[in-house]
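**Q** Predicted model, plus sequence, below.
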Amino acid sequence: MAVPIMQAVRVGAYVVKQHITGRKRYPLVLMLEPLFRCNLACAGCGKIDYPAAILNQRMTVQECLDADTEAGAPVIAVAGGEPLLHKEMPEIVRGLIARKKYVYLCTNALLLEKKMDDYEPSPFFSWDVHLDGDQAMHDSSVCQDGVYERAVAAIKKAKARGFRLSINCTVFDGADPKRLAAFFDEVMAMGVDGIMTAPGYAYERAPDQAHFLNRQKTKQLFRDVFRLGKGKKWRFTQSPLFLNFLAGNEQYHCTPWGKPLRNVFGWQRPCYLLGEGYAKTFQELMDDTKWDDYGTGNYEKCADCMVHSGYESTAVMDAVRRPWHIAKVALFGPETEKPMVPEISLANQRPAEYVFAQHVDARMAEISAAKKPAKPPRVTVVDTPAVAADAAD
Ligand code: SF4
């Protein structure tokens with residue numbers, strides 16, 4: 001199994017408990033971005049386009065643990081930036097594991113061999129290595145030759161050391177279904193525990209805007225890949241219903257609160273992909289975000305999104321409501337032949353708002369205010385002869 005049985009049971013019990021207690025919105029996976037700094041600059045990335053002063057910011061160990069306390073999700077994905085550049089990352093991971101949280105540490109693997117010994121294999125811990133396809137596909141995606149080779153060497157070493165490890169494969173326009181299917185065969189042969197896959201989100205700040213998939217192309221691509229995978233026993237770390245959604249068989253609405261993001265700005269509204277605002281606390285994020293303003297059909301920036309950040313939680317919640325449905329898809333795989341379900345209408349979506357610069361300016365002002373030396377205390381002159389004499393001394 002891509003996910004250990006104990007993890008599946010604990011997460012399932014958590015979801016059922018939320019439903020029984022009538023909690024309308026709850027987090028499934030806490031996303032942590034303790035830094036934005038990265039040692040790559042991928043063309044499809046919209047996360048690292050910040051001034052150096054922001055790239056140099058780090059969430060502390062305590063801030064990461066506090067974020068977990070606030071959200072209370074059973075699973076935590078640590079992303080970035082490149083988390084292995086954070087000096088206190090081993091302590092953050094140890095602290096979260098001590099709380100019996102299932103931690104996925106995302107990495108591009110360039111530092112994995114060097115830093116591996118700072119971590120221990122555990123049923124609560126998994127590496128999540130960024131690998132966007134075979135050698136040519138991945139090196140092109142990360143804009144640097146040789147990255148695939150180093151990542152694969154690190155994957156093999158981590159597996160030999162007994163670590164759990166999945167790969168995170170983001171797919172872009174122009175991907176060839178046959179090559180992608182062959183790549184999935186290849187990573188299974190490497191012994192990885194699971195594959196996480198999704199189309200790239202069209203970040204407004206990403207340098208390459210020409211290779212993001214629209215919804216129709218995404219669904220056709222995944223259908224073609226899954227058709228080639230029939231009978232191959234690929235292991236995915238995602239819900240079978242999310243894969244069914246990718247293949248155009250579910251008309252899901254986004255549940256961005258299922259994977260809330262805490263980063264150096266605060267709690268990001270509304271999701272991991274979109275920074276439209278920040279809340280100071282998790283409760284404020286949940287209570288004050290206008291959730292209905294977001295999602296495909298509601299907001300222009302969400303029009304083509306089919307990313308797990310918003311839709312994996314929808315799939316998990318659907319599985320609780322329709323267990324027979326997930327059982328069927330898990331058994332037979334996503335549907336690849338019948339007509340796709342109708343697409344959500346975009347007729348009433350609100351236009352995009354562009355707020356990036358405003359948040360960057362606000363954060364830069366906070367950083368420079370924190371750097372200014374504290375003002376000396378004000379001296380009150382009391383007009384008595386004794387004090388006047390002391391002052392003269
Ligand atoms: S559809 Fe949901 S997950 Fe995707 S960008 Fe919009 S709010 Fe975020």
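**A** Received, thanks.
**Q** State the pLDDT value of the residue in the chain that the ligand sits nearest to.
**A** Closest contact between the chain and the ligand, by Cβ to the nearest ligand atom, is at residue 310 (2.4 Å). Bear in mind the C-beta positions are built from the backbone N, C-alpha and C, glycine included. For residue 310, the pLDDT comes out at 94.
**Q** Equivalent analysis for residue 147, please.
**A** 98.
**Q** and what of residue 209?
**A** pLDDT, residue 209: 88.
**Q** same deal with residue 199?
**A** pLDDT, read off for residue 199, is 95.
**Q** Against which helices or strands is whichever strand or helix holds the residue of the chain closest to the ligand packed?
**A** Mapping residue 310 onto the secondary structure by DSSP states H and E places it in helix 308-321. Applying 3 or more Cβ pairs under 8 Å, 6 or more residues apart in numbering; DSSP states H and E, we find helix 308-321 packed against helix 5-20, strand 29-33, helix 240-246, helix 323-332.
**Q** ok, residues contacting it?
**A** Helix 308-321 is contacted by residues 11, 15-16, 19, 28-29, 31, 196, 198, 201, 238-239, 241-242, 244-245, 250, 252-259, 271-273, 295, 302, 305, 325-326 when judged by Cβ atoms under 8 Å, 6 or more residues apart in numbering.
**Q** That one relative to strand 29-33, how many degrees between them?
**A** Angle, helix 308-321 to strand 29-33, by axes from the mean of the first three to the mean of the last three Cα atoms, to 10 degrees: 170 degrees.
**Q** Taking helix 5-20 as reference, get the angle to helix 308-321.
**A** Angle of helix 308-321 versus helix 5-20, following the same axes, to 10 degrees, is 80 degrees.
**Q** Now do helix 308-321 against helix 323-332, angle only.
**A** Here helix 308-321 runs at an angle of 110 degrees relative to helix 323-332 (the same axes, to 10 degrees).
**Q** Just the strands from the stretch 101-250 of the chain, written as ranges.
**A** Taking DSSP state E, counting those that start in this stretch to define them, one finds strands in the stretch 101-250 of the chain at 102-107, 125-130, 164-171, 194-199.
**Q** Let's have those strands in a markdown table, adding distance to residue 156 and mean neighbour count.
**A** Formatted as a markdown table, the strands of the stretch 101-250 of the chain follow (distance: least, Cβ to Cβ, whole Å; neighbours: other Cβ atoms under 10 Å):
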| stretch | distance to residue 156 | mean neighbour count |
| --- | --- | --- |
| strand 102-107 | 15 | 24 |
| strand 125-130 | 11 | 24 |
| strand 164-171 | 10 | 24 |
| strand 194-199 | 16 | 22 |
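**Q** okay if I get those as JSON lines plus distance to the ligand?
**A** Below are those laid out as JSON lines (distance: least, Cβ to the nearest ligand atom, whole Å):
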{"stretch": "strand 102-107", "distance to the ligand": "17"}
{"stretch": "strand 125-130", "distance to the ligand": "18"}
{"stretch": "strand 164-171", "distance to the ligand": "14"}
{"stretch": "strand 194-199", "distance to the ligand": "10"}
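**Q** Dump these to a markdown table, plus distance to residue 58.
**A** A markdown table is the format used below for those (distance: least, Cβ to Cβ, whole Å):
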| stretch | distance to residue 58 |
| --- | --- |
| strand 102-107 | 16 |
| strand 125-130 | 20 |
| strand 164-171 | 22 |
| strand 194-199 | 25 |
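**Q** looking at these, which is closest to residue 71?
**A** Shortest distance between residue 71 and these, using Cβ to Cβ, is found for strand 102-107: 13.5 Å.
**Q** Tell me how far stretch 162-172 lies from the chain's centre.
**A** Computed by Cα atoms, centre = their mean, to the nearest Å, the separation of stretch 162-172 from the middle of its chain amounts to 13 Å.
**Q** and what of stretch 189-203?
**A** On Cα atoms, centre = their mean, the centre of stretch 189-203 falls 12 Å from the chain's centre.
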